[in-house]
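Engineer: take a look and give me a structure for this.
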Amino acid sequence: AHVLRSSPDQTFNRRLPVNADARVALLDDDEVYLEQLSGGLGEHGFGVVTFNSGPAFLHYFEDGGKADCMVLDWRLNRGSGLDVLMRARRRGLTTPAVFFTGLPATDYETVALDSGAADFVDKSRGVEILARRIRLIIESGKANEGSVVEEEVRVGRLRLRPQVCRAYW
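Structural biologist: So this is what the prediction gives:
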């Protein structure tokens with residue numbers, strides 16, 4: 001498996017295997033599950049960098065880290081994956097995000113999608129389904145790379161940022 005681990009106290013290791021199909025940044029505070037999930041995604045051809053806290057996850061991207069997709073758990077020991085996603089979007093991070101959580105309620109899914117997540121997958125569906133969904137999201141993003149997307153649209157005091165699904169007044 002192609003797994004890189006990081007914590008707030010560690011230096012980030014950004015080297016990913018040459019043969020990895022795509023890079024995934026994975027956030028979950030359950031260390032055992034994090035290890036299993038990252039191994040499973042690695043077996044599906046993904047390069048994986050793991051994080052057990054929101055601050056470490058965000059610091060990775062602020063420090064120049066890259067990923068083709070972010071996978072977030074909803075509940076974290078401190079905060080939530082939703083808070084992490086919202087902070088990432090406010091900072092201009094447009095990497096597609098998928099929630100992979102044990103909270104299958106429609107209300108959670110609706111909030112996640114309304115907040116800029118590309119998908120919401122119940123953990124009971126398993127790594128196989130998650131890997132397929134990630135691959136579809138990444139491939140759809142690559143298909144749209146040739147299209148022109150405005151960085152920001154301004155109308156008076158209104159600012160629209162379509163790539164992160166945000167409007168500012």
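
Engineer: wait, Tyr108 sits on Asp114?
Structural biologist: No: counting by CB atoms under 8 Å, Tyr108 sits too far from Asp114 to count as a contact (10.8 Å). (C-beta placed from N, C-alpha, C; glycine too.)

Engineer: and those two? Which one has more around it.
Structural biologist: Just comparing Tyr108 and Asp114: by other CB atoms under 10 Å the higher neighbour count belongs to Tyr108, 17 against 9.

Engineer: that one - nearest residue in space that isn't next to it in sequence?
Structural biologist: Leaving aside its sequence neighbours, Tyr108 sits nearest to Trp74 (CB to CB, 6 or more residues apart in numbering; 6.2 Å).

Engineer: ok, now Asp122?
Structural biologist: Leaving aside its sequence neighbours, Asp122 sits nearest to Pro104 (CB to CB, 6+ apart; 4.1 Å).

Engineer: please report the distance of the one you found from Met86.
Structural biologist: For Pro104, the distance to Met86 (CB to CB, to the nearest Å) stands at 21 Å.

Engineer: only alpha carbons, please: show the helix or strand hosting Arg132 as CSV.
Structural biologist: In the assignment (DSSP states H and E), Arg132 maps to helix 127-143. Output of helix 127-143 as CSV, limited to C-alpha atoms (Å, rounded to 0.1, in the frame of the first residue of the first chain):
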residue,chain,number,x,y,z
VAL,A,127,-13.6,0.6,0.5
GLU,A,128,-14.5,-0.8,-2.9
ILE,A,129,-17.4,1.6,-3.4
LEU,A,130,-15.4,4.5,-1.9
ALA,A,131,-12.5,3.8,-4.3
ARG,A,132,-15.0,3.8,-7.3
ARG,A,133,-16.6,7.0,-6.2
ILE,A,134,-13.2,8.7,-5.8
ARG,A,135,-12.1,7.6,-9.2
LEU,A,136,-15.3,8.9,-10.8
ILE,A,137,-14.8,12.3,-9.1
ILE,A,138,-11.2,12.5,-10.2
GLU,A,139,-11.9,11.4,-13.8
SER,A,140,-14.8,13.9,-14.1
GLY,A,141,-12.5,16.7,-12.8
LYS,A,142,-9.9,15.8,-15.4
ALA,A,143,-12.5,15.8,-18.2
